[in-house]
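1. fold the following, please.
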Amino acid sequence: MKNLNQIDLDALARAVEVTRREFSARAKRIDSMLSREPRERVGIFAASCAQRKSLHLDPWQTEPFRARLPDDLAKPRGERRVAELLQRLLDAGLSPFEPDPVAALERAEAKPAK
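-> This is a model prediction of the structure:
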C-alpha cells in the first residue's frame, strides 16, 4: 500500500462513512471488514464503491484513484477521462480517494484564493 498522507486518510474515512450509509448490508460488510482488516484497506474498498457510484462508472471502467499517470492520459476516452479527473484532484491538492471527486473539485474551486 502506498504511503498515505493525512488528506488521503481523511478522504478514506469519509468514503467509509458514505459507503456505510448506502444500505444496511453494505454497513454490515464494512463493519465486518473493519473488525479484521486494516482501516486503510477498508477505506480503499469504500472509496472504490463510492467513486463507482458517484461517477456512475460502468463495470469495466476504473476508479480515478486507480488511474496511472501519465500513461492513462494517452489512452482511449474512458480511461483518459478518469486519469484527467485524478490529475485535477491532485492539482487541487485533494486526495485521489475522494468519495465524490466531482463534488470535491467543485468545493475546492468555489473556495476563494488565499
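2. contacting residues for the residue nearest the centre of the chain?
-> By CA atoms, centre = their mean, the chain has its centre lying nearest to Phe97, at 2.9 Å. Neighbouring residues of Phe97 by CB atoms under 8 Å, 6 or more residues apart in numbering: 8, 11-12, 15, 43-44, 47, 65. To be clear about C-beta, it is placed using only N, CA and C from the backbone, and glycine gets the same treatment.
3. let's see 6 Å
-> By CB atoms under 6 Å, 6 or more residues apart in numbering, Phe97 lies in contact with 8, 11-12, 47, 65.
4. so where is this structure shaky, pLDDT-wise?
-> 1-2, 113-114 (pLDDT under 70).
5. ok, which stretches of it are helices?
-> 6-20, 24-36, 39-55, 77-91, 101-110 (DSSP state H).
6. between the ones you listed, which one is nearest to Pro70?
-> Closest to Pro70 of those is helix 77-91 (CB to CB; 7.9 Å).
7. output the closest one as CSV, restricted to C-alpha atoms.
-> Output in CSV follows, covering the C-alpha atoms of helix 77-91 (Å, rounded to 0.1, in the frame of the first residue of the first chain):
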residue,chain,number,x,y,z
ARG,A,77,-11.6,8.3,-23.9
GLY,A,78,-13.0,6.4,-20.9
GLU,A,79,-9.6,5.7,-19.3
ARG,A,80,-8.3,9.1,-20.2
ARG,A,81,-11.4,10.7,-18.5
VAL,A,82,-10.7,9.1,-15.1
ALA,A,83,-7.0,9.9,-15.4
GLU,A,84,-7.8,13.6,-16.2
LEU,A,85,-10.1,13.6,-13.1
LEU,A,86,-7.3,12.1,-11.0
GLN,A,87,-4.9,14.8,-12.3
ARG,A,88,-7.4,17.5,-11.4
LEU,A,89,-7.8,16.2,-7.9
LEU,A,90,-4.0,16.1,-7.4
ASP,A,91,-3.6,19.6,-8.9
